[in-house]
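Enquirer: I would like to see how this sequence folds:
(3 chains)
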Amino acid sequence: MGKRVSSDEMQNIFKILQKSYDVYGPKIYQGTGCFSDTDVVRYGLLNSWEEIVWNQKSDYSFKEVLLPISETILYFTENEMKTADGAARQRLIFLKSCDFHALKRLDDMYLKNGAEDYYYRRMRENTVFAVMGCKESGKNCFCVSMGTNRCEEYDMYIFQDENGCYMELKCRELEELLWDYGQNVQEKPIFVENNEVHVEVPEKLSNTIHQDSMWQEYGSRCIGCGRCNFVCPTCTCFTMQDIFYKDNPKAGERRRVWASCQVDGYSDIAGGHSFRQSQGERMRFKVLHKISDHKKRFGYHMCVGCGRCENVCPEYISYIECLQKLKEKEGK
Amino acid sequence: MDINTKKLKKNAFRVSKVRGLTASRVRVPGGCCNADVMQQVVDIARKYGNGQIHVTTRQGFEIEGIHMEDMDKVNEMLQPIIDNLQINQNEAGTGYSASGTRNVCACIGNRVCPFGNYNTAAFAKRIEKAIFPNDLHFKIALTGCANDCIKARMHDFGIIGMTEPQYAPDRCVSCGACVKGCDKLSVDALKMDNYRIVRNEEKCVGCGVCVTKCPTRAWTRSEKKYYRLTLMGRTGKKNPRLGEDFLIWADEDTIVKVILNTYKFVKKYIDPNAPGGKEHVGYIIDRVGFAEYKRWALDGVVLPQETIVKDNIYWSGIHYR
Amino acid sequence: MTNEYIPFLSKIKEIVKHTETEYTFRMTYVGEVRPGQFFEVSIPKYGEAPISVSGIGEDYVDLTIRKVGKVTGEIFELNEGSCFFMRGPYGNGFEKENYQGKELIVVAGGTGVSPVRGVISYFGEHPDEVKKLHTILGFKSPSDILFREDLKIWEQQMELILTVDSADDDSYRTGLVTKYIPELELDNIHETAAIVVGPPVMMKFAVAELLKLGMKEEQIWISQERKMCCGLGKCGHCRMNDTYICLDGPVFCYSEGKKLFD
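Expert: Sure, this is the predicted structure:
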């Protein structure tokens, strides 16, 4: 059971949320696309309810709110290190079901794979999640195939239609804040139940699939830009960087920044050796992680089927097509 | 047959080598027209021409093999094309009102090309609106980026699209794609320092390669669109040469004003005894001097603060005379 | 909530210079640590570098560092008594239980000797814990030889084969480590254990030789060197298949380790 809220009321609700939270959601960054006069939909601090983009999936995922692209983790002077302060305010993130499932992957990686990550934990604890119901499937979405089209563990559910919004609240804090708003109704959260794209993930790949010649073809096509990783809601790799301040060389900071397994340097070790030098090997490394290796470790697939990597590749390398090729090779 | 060839030429027809036959020159500002225009050109070629259409270097159509006595009928048939392309005209149904100022050319620009920094056809049309009809011989071309596919530098006015790259350090992952791209495809104006990118502002030509290469949107285009205005490139018998930079990081309004001012300058200084009243603007500037031209060109122009104006221009090229 | 990324300062007790580019730094450290584990050492403003533990004492760890980058270059500028930052130890390291009571063969090449130095020293000092200890160490040239002081001691304690790829004078044995594996005189192949550490190619061929002798994959341990960045199973750089080398490795039983590919 949830509430029906009119569009006008939603604006008030948004203002109330803003008082308690930094509210993040997908919004249009005009003219910031790769090409001139193109826009990008990505996550940012929302200034109004209208800013949220509902009708298309964000080009970049929500992950940059929890895991900043470049995050200062330590400040140092010559013999002292200090933990960088975290964000002062609580965050509310509007995201779609696929991304909400991606959150589980981030949690497992940062909170369970080895010791807890201090910075992620700090950010995660102060964040609540509002799942935006999808009216229809987006371009190259295959959430249904990956079982990420529905979810339940959210703090808030919201669906927007011609009559306003349907809203469910599952966390006490939000319930208390929004108690007085909307009409109680007997509705159910709406999720996408069909995608145009269906993917069958091969579950029985042979041990020699990494030697298959199919990967070589990608080697001649992929330019190693890393876009597929950067838009992916489940890619979590980072690299550490130390910098010193130009105006005070005795002080500096240690940062971690997003890394991509497709970009040169990812696996270089001191002394010059590097693993996976060809783009074909890197493609294989990424794809098998998403639909095989991650499952071996965590028990479920890493890929959530958001289709962003498919949409962003400047060389039109299709991840979906790759999965289909793998499916055909399954058991062979 | 009694034909006033001067009028014929002004009316965008041509005196061809075959006596009694002419060709109709259809101007397509920015080289951008729709299928209706194409169909109408085809209809004229079939009805009054010999079925042949020449696609001109200036992005027009030249409908070949028209009998001079059919020119009025052709002009009537040209009207929907003129309307469709919104060409300024003195009197409807009479064809083109001038031909001296040539069709304003443009590369395909950012409508299609990933490198294009602006809508070249739209700007071309704006310029066309501002300068046509005019009998003075001006050649103008617009290109989307510093690749200059339209060869704007071989025109009296070359307009080269620029963007001022905007860098958001907190979105940068130090992948180096921009540095590599700028080095391999452009002018090597980027360096990585302390894991961040430093742009050599003097070297940067505003091509936007860094923006297209950036995988995280750390590099984006400036909200304002910028242009490089090159002057007085030309082909020809005496001294073919490439145009030289006059304004860098200029805006649209400035460029339109400078072109209009140049018309005034030419009216003032054109050689009254030039054969056919035709003297190329470049040769006029050669004769009068750049300093005087510049005075006229920038008259009443309020330049954006960031615009670089060249103090002087020294053209080179090949001197046959 | 502890912040695993914050390093501690450790003092350089002693520096042993093996070659111009390879020094061992004896660092103050009290805590549990195993040979084969590694620390992230750092010099603020220059960054971090993963360095494996090459020796362990009551109040120190030895870190044998090759000068190959920014961080290690800075560390080489430091003197005894000065400090640098460390965090760790990370990784599983060698567990002596896997080798106790067996005839142990250690094959190591180049800087791969560092992570096994602790193992060799331990069993050298506790000869009763293994049936026999064979050590084959390979270096590029005489000037690349590490741990010369240790070698003198080890010579007394165990069967030691030291070889260099090539040498100008003939006082050195030459050839790759693989050349000497077939010559090992082993009492009972079924009661042996082997440790192989070195560059990827060397490990591959050394393991092949050991298998030829009749050893089983389960009897061989290898240590995988990969890019270690966070050491905490987060940054992803060291992953091979479903395995994070910094958490689950770098030491693997070959029967498991062979399944991993880059």
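
Enquirer: the residue in chain A that chain C sits nearest to: neighbouring residues, count only.
Expert: Nearest residue of chain A to chain C: A:Gly114, at 3.1 Å (Cβ to the nearest Cβ). Placement of C-beta: from N, CA and C, glycine included. Neighbour count of A:Gly114, defined by other Cβ atoms under 10 Å in any protein chain shown: 19.

Enquirer: what pairs with C:Thr174 across the strands?
Expert: Going by DSSP bridges, C:Thr174 is paired in beta bridges with C:Val164.

Enquirer: my bad, should have said A:Val40
Expert: Here A:Val40, judged by DSSP bridges, has bridge partners A:Tyr29.

Enquirer: show the pLDDT at it.
Expert: In this model, A:Val40 is scored at 98, pLDDT.

Enquirer: likewise A:Lys332?
Expert: pLDDT for A:Lys332: 69.

Enquirer: for the nearest residue to the residue of chain A closest to chain C once chain neighbours are set aside, give its distance to C:Val113.
Expert: Using Cβ to Cβ, 6 or more residues apart in numbering or on different chains and skipping residues adjacent in sequence, the residue nearest A:Gly114 is C:Gly233, 3.1 Å away. Using Cβ to Cβ, to the nearest Å, C:Gly233 is found at 27 Å from C:Val113.

Enquirer: if you count what's nearby, which of the two comes out ahead?
Expert: The residue with more neighbours, out of C:Gly233 and C:Val113, is C:Val113; 26 against 21, by other Cβ under 10 Å.

Enquirer: could you find the closest non-adjacent residue to residue 163?
Expert: Defaulting to chain A. Distance criterion Cβ to Cβ, 6+ apart; nearest residue to A:Asn163, sequence neighbours excluded, is A:Arg4 at 7.2 Å.

Enquirer: the chain in question should be chain C.
Expert: Ranked by Cβ to Cβ, 6+ apart and with sequence neighbours excluded, the top spatial neighbour of C:Thr163 is C:Arg173, at 4.5 Å.

Enquirer: hmm, that neighbour is touching C:Ser166, no?
Expert: No. Between C:Arg173 and C:Ser166 there is no contact under Cβ atoms under 8 Å: 11.1 Å.

Enquirer: look at these two and report which has more neighbours.
Expert: Legend: neighbour count by other Cβ under 10 Å for C:Arg173 and C:Ser166, higher for C:Arg173 (14 against 10).

Enquirer: which residues touch the residue of chain C found nearest chain A?
Expert: Nearest residue of chain C to chain A (Cβ to the nearest Cβ) works out as C:Gly233 at 3.1 Å. Applying Cβ atoms under 8 Å, 6 or more residues apart in numbering or on different chains to C:Gly233 gives the contacts A:Asn113, A:Gly114, A:Ala115, C:Tyr244, C:Cys246, C:Leu247.

Enquirer: let's see if you can find the most crowded of the residues you listed.
Expert: The most crowded member of these, judged by other Cβ under 10 Å, is C:Cys246 (29 neighbours).

Enquirer: which secondary structure element contains it?
Expert: Using DSSP states H and E, C:Cys246 sits within helix C:245-248.

Enquirer: list the contacts of that helix.
Expert: Taking Cβ under 8 Å, 6+ apart as the rule, helix C:245-248 contacts A:113-114, C:90-92, C:224, C:226, C:228, C:230-233, C:238-239.

Enquirer: kindly recompute the last result at 7 Å.
Expert: By Cβ atoms under 7 Å, 6 or more residues apart in numbering or on different chains, the list of residues contacting helix C:245-248 from outside reads A:Gly114, C:Tyr90, C:Gly91, C:Asn92, C:Gln224, C:Arg226, C:Met228, C:Gly231, C:Leu232, C:Gly233, C:Cys238.

Enquirer: and the residues you listed, which of them are in helices?
Expert: Among these, the subset assigned to helices under DSSP state H is empty.

Enquirer: of those residues, closest to C:Gly109?
Expert: C:Gly109 lies nearest to C:Gln224 out of these, by Cβ to Cβ, at 14.1 Å.

Enquirer: shouldn't that closest one be in contact with C:Pro250?
Expert: Yes. C:Gln224 is in contact with C:Pro250 according to Cβ atoms under 7 Å; the separation is 4.9 Å.

Enquirer: the more surrounded of these two?
Expert: Just comparing C:Gln224 and C:Pro250: by other Cβ under 10 Å the higher neighbour count belongs to C:Pro250, 27 against 20.

Enquirer: wait, that one touches C:Lys227, no?
Expert: No. In this structure, C:Pro250 is not within contact of C:Lys227 by Cβ under 7 Å, at 11.5 Å.

Enquirer: so where's the longest strand in chain C?
Expert: Longest strand in chain C by number of residues (criterion: DSSP state E): strand C:8-19.

Enquirer: give me the most central residue, the chain.
Expert: You didn't say which chain, so I picked chain A. Of all residues in chain A, the one closest to the mean position by Cα atoms, centre = their mean is A:Pro233, 2.1 Å from it.

Enquirer: looking at chain B here, not the other one
Expert: B:Ala141 (1.4 Å).

Enquirer: for chain A, see how far away that one is.
Expert: B:Ala141 sits 19 Å away from chain A, going by Cβ to the nearest Cβ, to the nearest Å.

Enquirer: OK, contacts around that residue?
Expert: B:Cys105, B:Ala106, B:Ile150, B:Lys151, B:Ala152, B:His155, B:Gly158.

Enquirer: closest one of the residues you listed to chain A?
Expert: Within the contacts of B:Ala141, the smallest distance to chain A is 14.2 Å, found for B:Ala106 (Cβ to the nearest Cβ).

Enquirer: what does the stretch 1-150 of chain C have sitting close to chain A?
Expert: Counting by Cβ under 7 Å from any Cβ of the partner chain, the residues of the stretch 1-150 of chain C close to chain A are C:1-7, C:9, C:44-49, C:66, C:68-69, C:72.

Enquirer: of the residues you listed, grab the buried ones for ChimeraX.
Expert: In ChimeraX syntax, the buried subset of the residues of the stretch 1-150 of chain C next to chain A is picked out as below (16 or more other Cβ atoms under 10 Å in any protein chain shown):
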select /C:3,4,5,7,44,45,46,47,48,49,66,68,69,72
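
Enquirer: among the residues of the stretch 1-150 of chain C next to chain A, which are in strands?
Expert: Among the residues of the stretch 1-150 of chain C next to chain A, the residues falling in strands (DSSP E) are C:Leu9, C:Gly47, C:Glu48, C:Ala49, C:Arg66.

Enquirer: helix, strand or coil for A:Glu50?
Expert: helix (DSSP: H, G, I helix; E, B strand; the rest coil).

Enquirer: neighbours of the residue nearest to B:Leu21 when sequence neighbours are not counted, just the number please.
Expert: Nearest residue to B:Leu21, sequence neighbours excluded (Cβ to Cβ, 6+ apart): B:Gly65, at 5.8 Å. B:Gly65 has 15 neighbours, counted by other Cβ under 10 Å.

Enquirer: what about the stretch 101-250 of chain A, any weak spots by pLDDT?
Expert: For the stretch 101-250 of chain A, no stretch is flagged by pLDDT under 70.

Enquirer: circling back: give me the beta-bridge partners of the residue nearest to A:Asn163?
Expert: A:Tyr166, A:Gln183.

Enquirer: rewinding a little: what residues sit buried inside the helix or strand following the helix holding C:Cys246?
Expert: Once helix C:245-248 ends, the next helix or strand along the chain (criterion: DSSP H and E) is strand C:251-253. Neighbour counts over strand C:251-253 (16+ other Cβ under 10 Å) mark C:Val251, C:Phe252 as buried.

Enquirer: which other helices and strands does the next helix or strand after strand C:251-253 contact?
Expert: Counting by DSSP H and E, the next helix or strand C-terminal to strand C:251-253 is helix C:254-257. Applying 3 or more Cβ pairs under 7 Å, 6 or more residues apart in numbering or on different chains; DSSP states H and E, we find helix C:254-257 packed against strand C:220-223.

Enquirer: can you list the strands that the following helix or strand past the strand it packs on pairs with?
Expert: Downstream of strand C:220-223, the next assigned helix or strand under DSSP H and E is strand C:239-240. Its sheet considered, strand C:239-240 pairs with strand C:243-244 (antiparallel) by DSSP bridges.
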